[in-house]
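Visitor: Let me see the structure of the following:
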Amino acid sequence: MIDAAVTTATEPTTATSHRAAELERLLARICEPGDVWLAAATLPAALGEGVGASPVDPMLWRAHVCYNRTRDAGLRRQLVEEYQGYAVSLARRMHREGEPLEDLIQVAFEGLLVALNRFETTRGIPFVGFATPTIMGALKRHYRDAGWLMRVPRRVHELATPARLAEEALTAELGRAPSLDETAKRLGVDVEDLIVVQEAQTARSMSSIEALSGTDGEARGRFGATDPGIGKVDDRLALKQAFGELGARDREVVRLYFFEERSQVDIASRFGVSQMQVSRWISAIARRMGSWIPAD
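Guide: The predicted structure is shown next:
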């Protein structure tokens, strides 16, 4: 009677009938009589607590018992197929914009395998209740370790998600975006900590050089734009060298006339000469400097 109670399962749907039949064949080949009794003794009443919780499939629970003993690869594959939909749902729940969903699903599957290998049926708790924190922990670690393209302090990892949730909650309560002071007060942290978190958010998503380039190979926006002053670098260097060749008086004339934009009359009064004499000096200086600067 116990055997019948354990192995009797709800009539499978058309979509899952093949998996159910394969699982039943594996159980018949792998399980021993003692496994049936152990399954009956440890079978949880429900997948979770509270009203409306779904009952545990006895045949699926027996598969857990048999897998604990045999570690059969075929049985493990069947169990993964049974729970893969649930793992995908957790990955979708944790999905954020900018993160490939396929990567999260892979992480969720890895967490599912870890949960299957660690699960102990003798504890009498539903597998989903055990696997959920394991899978969610794997997804959170993925975001903490791989979701940032640059390494940031651990404190930033720990505050990033609570800060985002606090901002969302305060926005709903206040009807506007909260200030940093309000968010910091809600979290019980310093404003400086939130500023660091905001600045570090750029480490989550970065654009590659290729992404910043258009189809014609030229960079969009200001990235890689030609510096308008780059063509004057050589001229500035040549002018500086030529300026150094001048005598003290001529350097002073150049400084006053070209850099301070003083008039020839003002310069003439400084040197005690006529304005015409200053004009001749400037023309002579320009010719000499021009001869020292190589033509393009």
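Visitor: CA atoms for contacts and neighbours, from now on please.
Guide: OK.
Visitor: Could you check how far Asp235 is from Gly290?
Guide: According to CA to CA, to the nearest Å, Asp235 and Gly290 sit 11 Å apart.
Visitor: err, Ala39, not the other one
Guide: Counting by CA to CA - Ala39 and Gly290 are separated by 99 Å.
Visitor: Tell me which of the two has more neighbours.
Guide: Neighbours were tallied for Ala39 and for Gly290 using other CA atoms under 10 Å; the higher tally belongs to Ala39 (26 against 14).
Visitor: wait, doesn't the more buried one sit right on Asn68?
Guide: No: assessed by CA atoms under 8 Å, Ala39 is found out of contact with Asn68, at 11.3 Å.
Visitor: who touches both of these two?
Guide: Both Ala39 and Asn68 are contacted by Thr121, under the criterion CA atoms under 8 Å, 6 or more residues apart in numbering.
Visitor: my read: Ala91 touches Gly111, true?
Guide: No: in terms of CA under 8 Å, Ala91 does not count as a neighbour of Gly111; the distance is 10.6 Å.
Visitor: contacting residues around the residue nearest to Ala131 when sequence neighbours are not counted?
Guide: Closest residue to Ala131 apart from its sequence neighbours, by CA to CA, 6 or more residues apart in numbering: Ala115 at 5.2 Å. By CA under 8 Å, 6+ apart, the contact list for Ala115 reads Phe130, Ala131, Thr134, Ile135.
Visitor: would you turn those into CSV with pLDDT and secondary structure?
Guide: Converted to CSV, the contacts of Ala115 look like this (pLDDT from 0 to 100; DSSP: H, G, I helix; E, B strand; the rest coil):
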residue, pLDDT, secondary structure
Phe130, 89, helix
Ala131, 92, helix
Thr134, 91, helix
Ile135, 93, helix
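Visitor: Identify, from these, the entry nearest to Glu120.
Guide: Proximity of those to Glu120 (CA to CA) peaks at Phe130, which lies at 9.3 Å.
Visitor: Next, count neighbours for the closest one.
Guide: 15.
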